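>>> give me the fold of what follows.
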Amino acid sequence: MTQDEMKRAAAEAALAYVEEKTVIGVGTGSTANHFIDLLAEKRIPLEGTVASSVATAERLKGHGYKILELNQTGPLSLYVDGADESDPRLNLIKGGGGALTREKIVAAASDKFVCIADESKLVDVLGDFPLPIEVIPMAQSYVAREMVKLGGNPSLRLDYITDNGNIILDVSGLHIVDPVTLEREINQITGVVTVGLFAARPADVLILGAPGGAQVVTA
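Predicted coordinates for the structure are as follows:
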């Protein structure tokens with residue numbers, strides 16, 4: 001089974017958490033795209049969807065799903081999204097696709113967060129994948145210096161602007177043994193919009209695509 005097939009297996013298993021004729025949140029990235037396509041293939045009826053990015057909204061609309069603003073919906077019952085890394089406690093690194101801020105907002109507003117990924121994304125300690133941070137442009141150098149103090153090696157994501165009009169610093173070299181504390185510390189740096197650590201609000205369920213099929217992990 002290829003990595004893409006494993007992503008699709010995880011996405012298909014997440015369909016079991018979708019209640020028909022509700023409003024759900026949908027994330028961004030290749031695994032989330034599989035989930036969107038499978039929603040349409042299975043013809044699962046929804047009242048609407050809240051998208052974490054412009055790209056996700058366009059894909060959902062292309063399949064005929066109604067896009068709603070989170071301010072219209074109130075709390076969501078379900079959010080489904082991928083991840084770049086997960087530890088065994090379902091703390092995540094997200095933001096490889098650049099939509100971390102909106103993803104974090106939708107996750108915070110959802111009762112259940114189901115994360116879908118292939119098995120390679122499960123690691124003992126977060127940090128091998130560079131940690132994305134969305135930053136207001138004028139704070140780029142300042143935030144970068146602060147991340148060096150925290151032991152990271154920040155680099156600007158070239159030729160990329162977020163849907164919110166900001167930049168992203170990708171920070172390598174971190175060994176994240178206390179993700180909740182690090183998330184809080186980075187979010188308190190002036191100029192940071194948000195950091196791609198999902199630890200204060202981790203996933204509730206992790207579905208991993210593997211050669212033998214989908215595996216469900218709970219913290």
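>>> quick one: contacts of stretch 108-118?
3, 6-7, 10-11, 13-14, 17, 25, 31-32, 34-35, 50, 70, 75-83, 86, 90, 92, 107, 201-210 (C-beta atoms under 8 Å, 6 or more residues apart in numbering). (Each C-beta comes from the backbone N, C-alpha and C, glycine too.)
>>> center of this structure, which residue is that?
Residue closest to the average C-alpha location in the chain (C-alpha atoms, centre = their mean): K94, at 4.5 Å.
>>> what about the helices in the protein?
Under the criterion DSSP state H, helices of the chain are mapped to 3-14, 30-41, 54-62, 70-73, 100-108, 140-149, 179-187.
>>> out of those, flag the one nearest I167.
The minimum distance between I167 and the helices of the chain falls on helix 140-149, with 6.0 Å, by C-beta to C-beta.
>>> report the angle between the closest one and helix 179-187.
With axes from the mean of the first three to the mean of the last three C-alpha atoms, to 10 degrees as the basis, helix 140-149 and helix 179-187 are set at 150 degrees to each other.
>>> quick one: mean pLDDT for helix 140-149?
The average pLDDT for helix 140-149 rounds to 98.
>>> in it, which residues are buried?
Neighbour-count burial for helix 140-149, counted by 16 or more other C-beta atoms under 10 Å, picks out 140, 143-144, 146-147.
>>> the longest strand seen in the chain: partners in the sheet, and parallel or antiparallel?
Identified as the longest strand of the chain according to DSSP state E is strand 110-118. Here strand 110-118 has these sheet partners by DSSP bridges: strand 76-81 (parallel), strand 205-210 (parallel).
>>> now the angle from it to helix 100-108?
120 degrees.
>>> pLDDT on strand 110-118, on average?
What strand 110-118 shows for mean pLDDT is 97.
>>> also stretch 87-95?
In this model, stretch 87-95 has an average pLDDT of 97.
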